[in-house]
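Asks: With the input below, show me the fold.
(4 chains)
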There are 4 protein chains.
Amino acid sequence: MNSIPGGRRRFNELAGTNLDRIAGISDGIFAVGMTLLVLGLAVPTLSAHGTEGDLWQALLRLGPNVLVYTMSFMTLGIFWVGQGTQLNQLTRSNRTYSWLQLLFLFGVTLVPFSTALLARFPTFRLALVEYWLNIVLLGMTLLAGLQYGLRARLFIQTATETPEMAPLMRGRILIAQSLYAIAAATCIVFPTWVSIALIFLVQLNYVLAPRIPILHRF
Amino acid sequence: MNSIPGGRRRFNELAGTNLDRIAGISDGIFAVGMTLLVLGLAVPTLSAHGTEGDLWQALLRLGPNVLVYTMSFMTLGIFWVGQGTQLNQLTRSNRTYSWLQLLFLFGVTLVPFSTALLARFPTFRLALVEYWLNIVLLGMTLLAGLQYGLRARLFIQTATETPEMAPLMRGRILIAQSLYAIAAATCIVFPTWVSIALIFLVQLNYVLAPRIPILHRF
Amino acid sequence: MNSIPGGRRRFNELAGTNLDRIAGISDGIFAVGMTLLVLGLAVPTLSAHGTEGDLWQALLRLGPNVLVYTMSFMTLGIFWVGQGTQLNQLTRSNRTYSWLQLLFLFGVTLVPFSTALLARFPTFRLALVEYWLNIVLLGMTLLAGLQYGLRARLFIQTATETPEMAPLMRGRILIAQSLYAIAAATCIVFPTWVSIALIFLVQLNYVLAPRIPILHRF
Amino acid sequence: MNSIPGGRRRFNELAGTNLDRIAGISDGIFAVGMTLLVLGLAVPTLSAHGTEGDLWQALLRLGPNVLVYTMSFMTLGIFWVGQGTQLNQLTRSNRTYSWLQLLFLFGVTLVPFSTALLARFPTFRLALVEYWLNIVLLGMTLLAGLQYGLRARLFIQTATETPEMAPLMRGRILIAQSLYAIAAATCIVFPTWVSIALIFLVQLNYVLAPRIPILHRF
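Replies: Residues are numbered from 1 along each chain as shown, chains lettered A, B, ... in the order given. So this is what the prediction gives:
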């Protein structure tokens, strides 16, 4: 940290430098978001004469919702792992990086809304596109954090490490976003459930990380 | 961390390695889940002419709900202690272990739903079985984390410690799950409140840890 | 940690030993609880022709609720400071101490319920007594943690410190609980708002810590 | 920490000294608050024959709400960065400082209420003034923490640092609060949306920190 001419150190040089606080608020927002998702699963109500059979039917009708909520939990899990990996490589933070992370977290707080929208209107292209835009926001802010962090030299600096890490993480985000975009674009021709299934598969790929060489070159 | 042939270190080797972040998101999800449980206790509404006696009756009617919520708080407490014990024995984490923990936390986020379902339909076998399956999911993912952690050598390695810790934690999970299964199976023959009482007793056993030698050989 | 005869170390000796996790879940539960309190303040709804004057009236009617919510925020703040002070004096934890803290946190999760009950029925003795019992639960579990911690030698051990700390913290809890009990008992003779005002004053005393020698001998 | 005459160290000297706990509960409250903001965005409901066009209209009607929620996320982000910067400069805490932070956090928990009020009544001066008073509470408690921390010598003490830091952070808060006050006062003459737009601009200025010399002298 260099002083500014005149010996006055600007506030902005001291702001947002604490990596632990970024991790703390991130874990909090992800935790609240993940728990709220499942809250969206409304416990069925039955008439006074409802039977176990009626409850079974009511729970089965929750099925599609459970799928959408599981998908969103995976979305949040994937981006939690991704952000954690990026933060782990940092040696320090600064004000701009903190705000890029807050923008990323803004995207995280939108996930329960996008999920509830898609769960209520699973056959509407508009709900699907909104959900996809949420994923785009998460991916782009994560990428912006990476790019800015490199430029501002916030990452661990070793002779061998940075040159290979940067394209690795960047490539991973771009490939994932391309797959999400293809999955979302499918809804132009096919019903929305095809897109939902494809997004689900893309996510399973990143959760389970099978050895599909072409997807894991990065 | 060994590099992969060709000198390219894969993203997955760097992902999910931060134990503090796993602890952070876990504490967050448990905290939100535990607080939401009690939110399920709806504050009674009375008519304009309601008396203290009416409120007393309304609170008494909350009684069974309070039991179910207390039971769920114990469930979450038991698994919070169990996960904490496992994490405490780790020296490091990796991507797969992180995802096993996220699957465990997915089970945690389901507890408020299972609890609300059982609180609304305490006499329905289906609600009880769903609740029990939630406990099974928690136990199995905790066990999976243990087994994987051992195989991937994530645990503290000392000459004397690992050999005895592994069967200890594994045996504890399996015995607890057997007791829960017996309690749940009871509902085939008896009314569901017998099962609920038995699950409650199993949990009290793990909370209070009395000296019952046969249960605490592990 | 001594091994048990026969060389088998019991699970319970390894469980609940992590002070950071206790602090983490505590901060999470207090944070969720404090935020949920204010959620209880329902944003007024007005008819389509509502004026600013109508909104002003509606906000004024929220006044008593704001008082109850502020009181509960103070309650949570006082016990958060109290628990933090106790945890700060510990060098280690164990399974029993962790469960005493979970019981304390169970009391914390009940505060939003007790608050909403008192906010809805501020003139009902029953609501006041329930609120007071919640405070008693918080105080008694904090005291139990202190007493157990001393007996189990979890606290910092120095020649001079422990002997003076123990009666200090114990005396503080007991005096506070006596004041709360007097405030609550007042409702036998006087209307409940007298008790509410007294509890409010007791809390202000602990928040502001004025120099009233008799209250701060401990 | 000096002992009190007579060798009795008072409870208050030991209370609230843990900076990590203050950071922990702050991150938790900010995280819950930020996530709850977006929960305020109600997922539209359509009639059984609703079309994609109807959903599009419903989402467009959410537009003003989205603006208010985004503004509140920025409010919380700005104060999270501000508080983090202040805490980062501390070497220790004490009981009074902890309570000033709790008062600040009380202001944070009010933000979802103020936001929902303004989102429901965006044309009412009263809602705008309430929102502005919330910002004033946040600014004044942050300032009080700074002033008290300086007086109680809680900040990092170096020959060169403290003298320049204090006016820097104080000046920043006072300038920001003046801008917010001007923005709010505008509603005396102009419609409330002018004030909302001005508050939005003030916040963008602090988020993006463009090089406007007069605003960033401090």
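
Asks: list the contacts for the residue nearest to the spatial centre of chain A?
Replies: Nearest to the mean C-alpha position of chain A, by CA atoms, centre = their mean, lies A:Phe79 at 3.7 Å. Neighbour list for A:Phe79: A:104, A:108, A:138, A:142 [criterion: CB atoms under 8 Å, 6 or more residues apart in numbering or on different chains]. Every residue, glycine included, has its C-beta placed from N, CA and C.

Asks: Repeat that for A:Thr141.
Replies: A:Thr141 neighbours (CB under 8 Å, 6+ apart): A:100-101, A:103-104, A:107.

Asks: Now it: closest residue in space, sequence neighbours ignored.
Replies: With sequence-adjacent residues excluded and distances taken as CB to CB, 6 or more residues apart in numbering or on different chains, A:Thr141 is closest to A:Phe104, at 3.9 Å.

Asks: burial of that neighbour, as a residue count?
Replies: Per other CB atoms under 10 Å in any protein chain shown, the neighbour tally for A:Phe104 reads 24.

Asks: Can you tell me which residues in chain A are near chain C?
Replies: Residues of chain A lying close to chain C by CB under 8 Å from any CB of the partner chain are A:28, A:31-32.

Asks: from those, which would you call buried?
Replies: A:28, A:31-32 (16 or more other CB atoms under 10 Å in any protein chain shown).

Asks: Helix or strand: which one has the residue lying closest to A:Gly40 once chain neighbours are set aside?
Replies: Spatial nearest neighbour of A:Gly40, chain neighbours left out: A:Ala116 (5.3 Å); criterion: CB to CB, 6+ apart. Using DSSP states H and E, A:Ala116 sits within helix A:95-120.

Asks: Show me what that helix is packed against.
Replies: helix A:19-39, helix A:63-88, helix A:125-151, helix D:19-39, helix D:63-88 (3 or more CB pairs under 8 Å, 6 or more residues apart in numbering or on different chains; DSSP states H and E).

Asks: now those helices in a markdown table, with mean pLDDT?
Replies: Putting the helices and strands packed on helix A:95-120 into a markdown table (pLDDT from 0 to 100) gives the following:
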| stretch | mean pLDDT |
| --- | --- |
| helix A:19-39 | 90 |
| helix A:63-88 | 89 |
| helix A:125-151 | 92 |
| helix D:19-39 | 90 |
| helix D:63-88 | 89 |
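
Asks: Out of these, the one nearest B:Trp193 is which?
Replies: helix A:19-39 (26.1 Å; CB to CB).

Asks: So which elements touch that closest one?
Replies: Looks like helix A:19-39 contacts helix A:63-88, helix A:95-120, helix B:19-39, helix B:95-120, helix C:19-39, helix D:19-39, helix D:63-88 (3+ CB pairs under 8 Å, 6+ apart).

Asks: Among those helices, which comes closest to B:Phe200?
Replies: B:Phe200 lies closest, by CB to CB, to one member of these: helix B:95-120, at 11.8 Å.

Asks: What residues of stretch A:189-208 count as buried?
Replies: Quick answer for stretch A:189-208 (16+ other CB under 10 Å): A:192, A:195-196, A:198-200, A:202-203, A:205-207.

Asks: can that stretch be found next to chain D?
Replies: No: using CB under 8 Å from any CB, stretch A:189-208 stays clear of chain D, with a minimum separation of 10.6 Å.

Asks: Show me how far that stretch is from its chain's centre.
Replies: 15 Å (CA atoms, centre = their mean, to the nearest Å).

Asks: swap in stretch A:106-116?
Replies: The answer for stretch A:106-116 is 9 Å, by CA atoms, centre = their mean.

Asks: now it: mean pLDDT?
Replies: What stretch A:106-116 shows for mean pLDDT is 92.

Asks: try stretch A:173-184
Replies: The pLDDT scores in stretch A:173-184 average 90.

Asks: hey, C-alpha coordinates of it in CSV?
Replies: In CSV, the C-alpha atoms belonging to stretch A:173-184 read as follows (Å, rounded to 0.1, in the frame of the first residue of the first chain):
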residue,chain,number,x,y,z
ILE,A,173,-16.3,-20.8,-16.1
LEU,A,174,-16.6,-20.1,-19.8
ILE,A,175,-17.2,-23.8,-20.7
ALA,A,176,-19.8,-24.1,-18.0
GLN,A,177,-21.6,-21.0,-19.1
SER,A,178,-21.6,-22.2,-22.7
LEU,A,179,-23.2,-25.4,-21.7
TYR,A,180,-25.8,-23.5,-19.6
ALA,A,181,-26.5,-21.2,-22.6
ILE,A,182,-27.0,-24.2,-25.0
ALA,A,183,-29.3,-25.8,-22.4
ALA,A,184,-31.3,-22.6,-22.1
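
Asks: what's near enough to touch A:Leu179?
Replies: Taking CB under 8 Å, 6+ apart as the test, what A:Leu179 contacts is A:202, A:205.

Asks: tell me which element it is part of?
Replies: Judged by DSSP H and E, A:Leu179 forms part of helix A:161-185.

Asks: and that helix with helix A:125-151, angle?
Replies: Orientation check (axes from the mean of the first three to the mean of the last three CA atoms, to 10 degrees): helix A:161-185 against helix A:125-151 gives 170 degrees.

Asks: Quick check: buried residues in helix A:161-185?
Replies: In terms of neighbour count (16+ other CB under 10 Å), helix A:161-185 has its buried residues at A:165-166, A:168-170, A:172-173, A:175-177, A:179-180, A:183-184.

Asks: on that earlier part again, among the buried residues of stretch A:189-208, which are in helices?
Replies: Applying DSSP state H to these, the entries found in helices are A:192, A:195-196, A:198-200, A:202-203, A:205-207.

Asks: ok, these vs chain C, which is closest?
Replies: A:Val207 (25.1 Å; CB to the nearest CB).

Asks: so what's that closest one scoring on pLDDT?
Replies: A:Val207 is assigned a predicted lDDT (pLDDT) of 85.
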